[in-house]
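[1] From the sequence below, what's the structure:
(2 chains)
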Amino acid sequence: MTSGPIPILKIGSTLLATIQIELHDTIVDSFQNDALEEIERTGANGLIIDISALETVDSYVARMLANTAKMAKLMGAGTVIVGMRPAVAATLVRMGYFMDGIQTALSLEEGLELQASRLKSNTE
Amino acid sequence: MTALSPSLGLRSDNETWMIRIDKEADIVAVRQRVRELAKDQRFDQFAVAAITTAASELSRNVWVHAEAGMARISLLRNGRKVGLELEFEDQGPGIANLNRALAGGFSTAKSLGLGLSGTKRLVDEFEIDTEVGRGTRIVVRKWKKDF
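    Here you go, the predicted model:
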């Protein structure tokens, strides 16, 4: 587990990061580094970022989250962003940001299922 | 750059909050104040997210491009209409190619290239006054919808 403002927990072979605080730019920046370092340290093969508590995701935060997901994927940890609120989704699309190539799920449960099925298909 | 002229008939009994933007944490301060006000005025969740995100984008623009500036947040009441007006003013570098910035896809250091064009799509009214070497003033308004 990291000591940063966004806790990153390991559940099985997946890391779970739950964002529960108002995001300053510097927090998002350090979260990106923390998440990637935790993947290396723990050897996790998946990352779930729970943003269900976030009421506002502006273009900077959206880009940083999407980049974190892409970086983690490059390292071999498939990433799912879970719990995006309806108003956040609507706002991002209205701004013209579609989070292309980013895997998302409605809830943490669905995100965990997605990771489990991905692991299963990898080992088959 | 001209000083802000009051919008006629709109500002008579309006409450206004000023927040100086000169550090990164001020982006969050502006965002939180706007969110609180929008919720207090019972904007729907989509409108709250839209105006809060617009506040975040525009404060970041001030911080990233001008390093310092002012945010003025006003509660608008015009008859039965309720709205929020956000004004951002800085003495930064100004925007050289406004058309390109407003068209989107034009990315500078710390943006997606969606800052201005995206923000414009989130609000009901958008005004910009910018001059290279002098600064930028942006005013946006969002009106509460009556369903």
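[2] residue contacts, the most centrally placed residue in chain B?
    Taking Cα atoms, centre = their mean, the centroid of chain B lies closest to B:Leu86, which sits 4.2 Å from it. B:Leu86 makes contacts with B:Val34, B:Ile51, B:Ala54, B:Ala55, B:Leu58, B:Ala71, B:Arg72, B:Ile73, B:Ser74, B:Val139, B:Val140, B:Arg141, as judged by Cβ atoms under 8 Å, 6 or more residues apart in numbering or on different chains. Backbone N, C-alpha and C define where each C-beta goes, glycine included.
[3] Can I have the buried ones of these as a ChimeraX selection?
    Here is the ChimeraX selection string for the buried members of the contacts of B:Leu86, based on 16 or more other Cβ atoms under 10 Å in any protein chain shown:
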select /B:34,51,54,55,58,71,73,74,139,140,141
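[4] so of the contacts of B:Leu86, which ones are in helices?
    Among those, the members found in helices (DSSP state H) are B:Val34, B:Ile51, B:Ala54, B:Ala55, B:Leu58.
[5] wait, what's in contact with the first one?
    So that's B:Val34. Applying Cβ under 8 Å, 6+ apart, we find B:Val34 in contact with B:Ile51, B:Thr52, B:Ala55, B:Ile73, B:Leu84, B:Leu86.
[6] I'd assumed B:Arg72 was in contact with the fifth one.
    It refers to B:Leu84. No - B:Leu84 is beyond contact range of B:Arg72, at 11.2 Å (criterion: Cβ atoms under 8 Å).
[7] quick one: average pLDDT of stretch A:7-15?
    If you average the pLDDT over stretch A:7-15, you get 95.
[8] Buried residues, that stretch. List them.
    Across stretch A:7-15, burial judged by 16+ other Cβ under 10 Å covers A:Ile8, A:Thr14, A:Leu15.
[9] Does the first one touch A:Leu36 like I think?
    No - counting by Cβ under 8 Å, A:Ile8 stays clear of A:Leu36, with 10.4 Å between them.
[10] Can you give me the separation between the residue nearest to the centre of chain B and B:Glu125?
    Distance of B:Leu86 to B:Glu125, given as Cβ to Cβ, to the nearest Å: 10 Å.
[11] Ok, B:Glu131 next?
    21 Å.
[12] now swap in A:Thr123 and tell me
    Taking Cβ to Cβ, one finds A:Thr123 at 56 Å from B:Glu125.
[13] One more: A:Ile6?
    A:Ile6 sits 36 Å away from B:Glu125, going by Cβ to Cβ.
[14] and if you look at A:Met95?
    A:Met95 sits 17 Å away from B:Glu125, going by Cβ to Cβ.
[15] Near chain A, which residues of chain B? Just list them.
    Neighbours of chain A within chain B, by Cβ under 8 Å from any Cβ of the partner chain: B:24-25, B:27-28, B:31-32, B:35, B:45-46, B:48-50, B:52-53, B:56-57, B:60, B:104, B:110-112, B:114-115, B:117-119, B:121-122.
[16] A:Thr123 and B:Glu125: which is more packed in?
    More neighbours surround B:Glu125 than the other of A:Thr123 and B:Glu125, with 13 against 6 (other Cβ atoms under 10 Å in any protein chain shown).
[17] Disregarding residues adjacent in the polypeptide, which is nearest to that one?
    The shortest distance from B:Glu125 to any non-neighbouring residue, by Cβ to Cβ, 6 or more residues apart in numbering or on different chains, is to B:Arg141 (4.0 Å).
[18] Right, and chain A sits closest to which residue of chain B?
    Distances between chain B and chain A by Cβ to the nearest Cβ are smallest at B:Gly118, namely 3.1 Å.
[19] Done for today, thanks.
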